[in-house]
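A.B. asks: please find the sequence and the predicted model below.
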Amino acid sequence: MTHRHIEIRTNRLKLVALNVALSKLQMTDRESFFEALCVRSEPVWPPELMDTSALQQVDERLRADPGEAGWLTWIFIWPGVAGQPGRLVGAGGFKGAPDAAGNVEIGYSMMLSFREQGLATEAVEGLLGWAESDSRVRRVIAHTRDHLTASRRVLEKTGFVETETFADEGEGGQVVRYERPRQAKAA
């Protein structure tokens, strides 16, 4: 049985939405997951912030509603050249489909060796374009820790505006909330 992937192409990246089949492979057979994505094996996959609990939660949601593919996790791939396999550079996506007010929340995490190269910014721009192709989306929200300067720069470069800072009661420290209203299409 073949499972069609939802993909986004940017200048340097291919973003693939996690679907039921890919999620299952990621949870149970990591080497087959890499093969299905045509990427080389990454011993440190997944990136930070994607712990086992987060992976299980996405897997359960996709199994319960396969239609959520695209509104959950996307895998960021740097395609291979000259017949070489691609590389997994990070992951990100949304916390679900737009709510009743048209809000979606975005998040992302890059593999350590692929940071500070503009790839996170490129991936976020691709995700924003995909989300805004859905007329229900009115605003995209993001939260990041105040000390994560690179993450904050990505949000600011992609048109987000800081709206609030608050204490993170669970882990301590400060969290910064960003918002980006739907971008008007050029005529």
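C.D. replies: Great, that's in hand.

A.B. asks: going by C-alpha atoms from here, please, whenever you check contacts or count neighbours.
C.D. replies: Noted.

A.B. asks: which residues of the protein fall in helices?
C.D. replies: Assigned by DSSP state H, the chain shows helices spanning 20-28, 30-36, 52-64, 119-132, 149-157.

A.B. asks: got these as a markdown table, with distance to residue 87 columns?
C.D. replies: Compiled in a markdown table, the helices of the chain are given as follows (distance: least, C-alpha to C-alpha, whole Å):
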| stretch | distance to residue 87 |
| --- | --- |
| helix 20-28 | 15 |
| helix 30-36 | 9 |
| helix 52-64 | 20 |
| helix 119-132 | 12 |
| helix 149-157 | 21 |
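
A.B. asks: which of those helices sits closest to residue 9?
C.D. replies: Proximity to residue 9 (C-alpha to C-alpha) singles out helix 119-132 among the helices of the chain, at 7.4 Å.

A.B. asks: which residues sit against that closest one?
C.D. replies: With C-alpha atoms under 8 Å, 6 or more residues apart in numbering as the test, helix 119-132 has contacts from 8-13, 15, 76, 90, 93, 108-110, 137-138, 140, 154-155, 157-158, 182-183.

A.B. asks: circling back: can I get the helices of the chain in JSON lines with mean neighbour count and distance to residue 81?
C.D. replies: Output for those, formatted as JSON lines (neighbours: other C-alpha atoms under 10 Å; distance: least, C-alpha to C-alpha, whole Å):
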{"stretch": "helix 20-28", "mean neighbour count": "18", "distance to residue 81": "23"}
{"stretch": "helix 30-36", "mean neighbour count": "16", "distance to residue 81": "16"}
{"stretch": "helix 52-64", "mean neighbour count": "15", "distance to residue 81": "29"}
{"stretch": "helix 119-132", "mean neighbour count": "21", "distance to residue 81": "17"}
{"stretch": "helix 149-157", "mean neighbour count": "17", "distance to residue 81": "26"}
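
A.B. asks: excluding sequence neighbours, find me the nearest residue to the most centrally placed residue in the chain.
C.D. replies: Residue closest to the average C-alpha location in the chain (C-alpha atoms, centre = their mean): residue 92, at 1.4 Å. With C-alpha to C-alpha, 6 or more residues apart in numbering as the criterion, residue 92 has its nearest non-adjacent residue at 3.7 Å, and that residue is residue 108.

A.B. asks: any idea how far the residue nearest to residue 91 when sequence neighbours are not counted is from residue 147?
C.D. replies: Leaving out its chain neighbours, the residue that sits closest to residue 91 by C-alpha to C-alpha, 6+ apart is residue 75, at 4.5 Å. Distance check for residue 75 against residue 147: by C-alpha to C-alpha, to the nearest Å, it reads 25 Å.

A.B. asks: over to residue 41?
C.D. replies: 31 Å.

A.B. asks: which one of the two is surrounded by more residues?
C.D. replies: More crowded of residue 41 and residue 147, by other C-alpha atoms under 10 Å: residue 41, with 17 against 12.

A.B. asks: and the pLDDT at the nearest residue to the more buried one once chain neighbours are set aside?
C.D. replies: Setting aside the residues directly before and after it, residue 41 is nearest to residue 34 in space (C-alpha to C-alpha, 6+ apart), at 5.9 Å. According to the model's per-residue confidence, residue 34 sits at a pLDDT of 96.
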